[in-house]
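Participant: After the sequence you'll find the predicted model.
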Amino acid sequence: MATLDDVDDALYAGLETLQRDDDHPTRLFALVTRFTGQVQMTPGGITLQSAAMGRLPAVLWQWVGEEPSSPVRTLLGAREDMATVTWVAWVLMQDPRGATRQVKGTTNAPGLHAMTDAVIAALNGFAHADLYQASRVRFAKSQTFLAERSTHVVRLTFEARRLLPQVTPTVTSVAPIEVNADLNIPFDAATDEDPSNPRVEFLEEIPEDAP
């Protein structure tokens, strides 16, 4: 069973491959970091620059929550509880040179389209051994915002499905004592006598040491 930490760590590690460092100076993002704050909406747009610590372009990774469901239920009350977990990758970039440069980018300065595709490519279809029924991470939605000081923000939503942890059952099952049933015995009218009652009742006790 996948823990929330397991899946989150795996996805975050995928995002970290997009961050520049001494060995990879040409990667797209100056910063990849986690974000747990409240996103502030203003009349002018959305502000997240303080969380990026001035290092743009940046990706802020945020766990949003999860929604449970029970695709499997039994008559005895057993359930298979699954949850759809949602994360948001906030992509921030700043370019005061106009809309075309912001969206399309220039030589050695990728635009929003390239940055968005890079994040989607790092996470969409991501496989994790413990996800529900071998499902994969899914890119669900994107939305753009114009923030202050020519800073653009793109919200990319990703989803994954996992089995939820649950209480270990403490109630033991009751061993069966006997089987009491009817059998419908088929017959061939050409060779067998037509029984007056083709349904034969039987009663079988189950030994105490039976598995």
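Facilitator: That came through, no problem.
Participant: start to end distance for stretch 128-135?
Facilitator: Taking Cα to Cα, to the nearest Å, the span from the opening residue of stretch 128-135 to its closing residue is 8 Å.
Participant: Is it correct that residue 162 is in contact with residue 130?
Facilitator: Yes. The criterion here is Cβ atoms under 8 Å, and residue 162 meets it with residue 130 at 6.9 Å. For the C-beta atoms, the positions are set from N, CA and C on the backbone; glycine is no exception.
Participant: more crowded one of these two?
Facilitator: A direct count of neighbours by other Cβ atoms under 10 Å for residue 162 and residue 130 places residue 162 higher, at 22 against 13.
Participant: Which helix or strand contains the more buried one?
Facilitator: In this structure, residue 162 sits in strand 151-163 according to DSSP states H and E.
Participant: Return the mean pLDDT over that strand, rounded to an integer.
Facilitator: Mean pLDDT, computed over strand 151-163, is 84.
Participant: Which strand residues bridge residue 59?
Facilitator: With DSSP bridges as the criterion, residue 59 is bridged to residue 32, residue 91.
Participant: wait, what's in contact with the nearest residue to residue 143 once chain neighbours are set aside?
Facilitator: Once its chain neighbours are removed from consideration, residue 143 has its nearest residue in residue 155; the separation is 4.8 Å (Cβ to Cβ, 6 or more residues apart in numbering). By Cβ atoms under 8 Å, 6 or more residues apart in numbering, residue 155 lies in contact with 88, 89, 90, 91, 141, 142, 143, 144, 145.
Participant: Please repeat the previous calculation with a cut-off of 7 Å.
Facilitator: Applying Cβ atoms under 7 Å, 6 or more residues apart in numbering to residue 155 gives the contacts 88, 90, 142, 143.
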